[in-house]
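**Student:** Predicted structure and sequence below. I'll ask about it afterward.
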Amino acid sequence: MHLNKHDRPGQFWKNHTRRILKALLALIVIGGVLYASVPEFRRRVDYIPIRIYMFFVEKKRAHQPMLLPTPVISAMRQPTCTTTVTTTPTPTETPTSISTMTPDHRSDATATAGPTATPTETSIPTETSTPTETPAPTGTPTPQHTKTLLDIHHLWQNWNNCGPANLAQVLHYYGDQSTQDDVQQFTKPNKWDMNVSPHELAAYVVNRGLNVIIRQGGQIGTLERFVDQQIPVILETWCYPDEYGGGHYRTVIGYDETTQELITSDTQFGPNYRIAYDKQYQEWTAFNWLYIVVYRPEQGELVRRIIGPDMDDDLMYQHALDMAQAQVNANQDDPFAWFTVGTNYAAMGDYESAALAYDQARILGVPFRMLWYQFGAFETYIQVGRYQDVIDLATLNLNTVGNQEESHYYLGCALEALGNIEAAKSAYQKALKFNPGFTPAIEALDNLSR
């Protein structure tokens, strides 16, 4: 059998090279137009190299446990590393009119009165007016059936960019044209970083002409009242893109009393994404019901009145602790509720109680990603002298994703406490490699050089 000349090896390409090049050029031009004009197409193209990267990460992760390891209790030692990473911006005023807390996610009253400390607010400009008594809001709002902030500009997030994307769309709502890339470059210089903390988002708002406040122990009713006043709220919450879930930000833009749903601008799942009150409240538990409010300076008094007694840190954490304990009482096998009990005890400085709660959460089975986003367990185990727990948990994180500055930092804290100074310095330096502005690591290295 004889081959036709067109069938000879290489002949086809010689005859059709020009046509192939023209077709490729046309595809490049069409792709470029789509990339520039269609955000969803651009988002999918941007995911291609990231998916290749994640393929190797997931392959590496396949050899790692999917839950945090069960704790091995060690002898207590005197803690030597006390710098805390999770500094939360808090407000300037301390309300004095306090109502009694009811452990119900539809309620907004907080815990009974206790000692108060005056926190500080991360806001520009700083409010200087003398605070007056701020009465607590009474009850939940009158049902509005459906109330939606129609003029919020929904953004689709780039990969692993829900924090910057949510903040960008809220800033757009107030007329600030920051893009999610602008926010990302500020909040996580290393784009592969798996976490943007709430205080990092709040730091971006500084000098943008807006105020920002981070609170915990949030309630559905609180979110409804913010919506009623045309103020969107960013939630840090757990969600389940896979079996074990992960941290996620979403912006509340409305609610529907008829269907008992929040309406959100979810940068991953879409505009006007609805989620049932009960489901959101349950998934919100993992992050201590944390919410971020960006608002205009002239709205300061309004925001304080909506938040009520939770403007005070001591009352806020006691309120959130009561909420978490109510969750534990409802389900003793809920690891997220136990983890959140630990979060609040740690925030209140009761590290022994926090350690017991974190231990119970780990025994019940906490997804490994929890310590990508929250560091109270690291701080707690440092404070009670359980340095090997810190080393084990930080190493687990770093074996999965090695670019987490917080895990490198706490690994350094544990090594320093055990007297391994050179290894501690190396850990702090690695933290700064991934985030050169990471203050705790800078301070730790300074302390070691003295």
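**Tutor:** Cool, the structure landed. Numbers count the residues shown, from 1 in each chain.
**Student:** Could you use CA atoms for every contact and neighbour count after this?
**Tutor:** Noted.
**Student:** Show me what the longest helix that the chain contains is packed against.
**Tutor:** Taking DSSP state H as the criterion, the chain has its longest helix at helix 11-37. Judged by 3 or more CA pairs under 8 Å, 6 or more residues apart in numbering; DSSP states H and E, the packing partners of helix 11-37 are helix 39-61.
**Student:** Check what contacts the helix or strand following the helix it packs on and list those residues.
**Tutor:** Remark: after helix 39-61, the chain's next helix or strand is strand 146-148, criterion DSSP states H and E. With contacts defined as CA atoms under 8 Å, 6 or more residues apart in numbering, strand 146-148 is touched by 227, 228, 253, 254, 255, 256, 257, 258, 263.
**Student:** same thing with stretch 284-292?
**Tutor:** With contact meaning CA under 8 Å, 6+ apart, stretch 284-292 is reached by 198, 212-219, 233-238, 281, 320, 324, 336-337, 339-340, 343-344.
**Student:** circling back to that earlier point, so which of the contacts of strand 146-148 belong to strands?
**Tutor:** Among the contacts of strand 146-148, the members falling in strands (DSSP state E) are 253, 254, 255, 256, 263.
**Student:** Enumerate the positions of the longest helix of the chain that are buried.
**Tutor:** The neighbour-count check on helix 11-37 (16 or more other CA atoms under 10 Å) flags residue 35 as buried.
**Student:** ok so, going back, out of the ones in strands among the contacts of strand 146-148, give me the two with the largest separation.
**Tutor:** Greatest spacing in the ones in strands among the contacts of strand 146-148, by CA to CA: 253 and 256 (10.7 Å).
**Student:** Identify the bridge partners of residue 239.
**Tutor:** residue 246 (DSSP bridges).
**Student:** Around it, how many other residues sit close by?
**Tutor:** For residue 239, the count of nearby residues is 18 (other CA atoms under 10 Å).
**Student:** cool, and residue 365?
**Tutor:** For residue 365, the count of nearby residues is 18 (other CA under 10 Å).
**Student:** phi, psi of it?
**Tutor:** Note on residue 365: its backbone torsions stand at phi 110, psi 90 [degrees, to the nearest 10].
**Student:** Show the contacting residues for it.
**Tutor:** So residue 365 contacts 67, 68, 70, 335 (CA under 8 Å, 6+ apart).
**Student:** Identify the residues contacting residue 259.
**Tutor:** By CA under 8 Å, 6+ apart, the contact list for residue 259 reads residue 276.
**Student:** now swap in residue 293 and tell me
**Tutor:** Applying CA under 8 Å, 6+ apart, the residues contacting residue 293 are 212, 213, 214, 231, 232, 233, 234.
**Student:** Including pLDDT and distance to residue 357, could those residues go into TSV?
**Tutor:** TSV is the format used below for the contacts of residue 293 (pLDDT from 0 to 100; distance: CA to CA, whole Å):
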residue	pLDDT	distance to residue 357
212	97	31
213	97	27
214	98	24
231	96	35
232	97	33
233	97	29
234	98	27
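**Student:** can you tell me which two in the residues you listed are farthest apart?
**Tutor:** Within the contacts of residue 293, two members stand farthest from each other by CA to CA: 214 and 231, at 14.1 Å.
**Student:** okay, residue 253 and residue 256: which has more neighbours?
**Tutor:** For the pair residue 253 and residue 256, the greater number of neighbours falls to residue 253 (30 against 20), based on other CA under 10 Å.
**Student:** Verify the stated contact: the more buried one with residue 151.
**Tutor:** No: judged on CA atoms under 8 Å, residue 253 makes no contact with residue 151 at a distance of 9.5 Å.
**Student:** so what sits against both of the two?
**Tutor:** With the criterion set as CA under 8 Å, 6+ apart, the contacts of residue 253 and residue 151 do not overlap.
**Student:** Residue 212: what secondary structure?
**Tutor:** Assigned state for residue 212: strand (three-state reduction, DSSP: H, G, I helix; E, B strand; the rest coil).
**Student:** Now it: closest residue in space, sequence neighbours ignored.
**Tutor:** residue 294 (4.4 Å; CA to CA, 6 or more residues apart in numbering).
**Student:** ok, the one you found to residue 393 distance?
**Tutor:** To residue 393, residue 294 is 34 Å away according to CA to CA, to the nearest Å.
**Student:** With residue 210 instead?
**Tutor:** Counting by CA to CA - residue 210 and residue 393 are separated by 37 Å.
**Student:** Just want to know which of those two has more residues nearby.
**Tutor:** For the pair residue 210 and residue 393, the greater number of neighbours falls to residue 393 (22 against 19), based on other CA under 10 Å.
**Student:** Going by neighbour count, list what's buried in the stretch of helix or strand the more buried one belongs to.
**Tutor:** Residue 393 belongs to helix 387-400 when assigned by DSSP H and E. Buried residues in helix 387-400, counting neighbours by 16+ other CA under 10 Å, are found at 387, 388, 389, 390, 391, 393, 394, 395, 396, 397, 398, 400.
**Student:** so the first one makes contact with residue 379?
**Tutor:** No: using CA under 8 Å, residue 387 is not in contact with residue 379, being 10.1 Å away.
**Student:** In three-state terms, label the nearest residue to residue 248 once chain neighbours are set aside for me.
**Tutor:** Once flanking residues are discounted, residue 248 sits nearest to residue 237: 5.3 Å by CA to CA, 6+ apart. Secondary structure state of residue 237, per three-state DSSP, is strand.
**Student:** and residue 237, how many neighbours does it have?
**Tutor:** 22.
**Student:** measure it to residue 279 for me?
**Tutor:** Taking CA to CA, one finds residue 237 at 11 Å from residue 279.
**Student:** Could you do residue 16 as well?
**Tutor:** Taking CA to CA, one finds residue 16 at 58 Å from residue 279.
**Student:** what does residue 177 give?
**Tutor:** Going from residue 177 to residue 279 by CA to CA gives 33 Å.
**Student:** can you list the weak-confidence ranges in this structure?
**Tutor:** Residues of the chain that meet the criterion pLDDT under 70 lie in 1-15, 39-66, 72-145, 150, 241-244.
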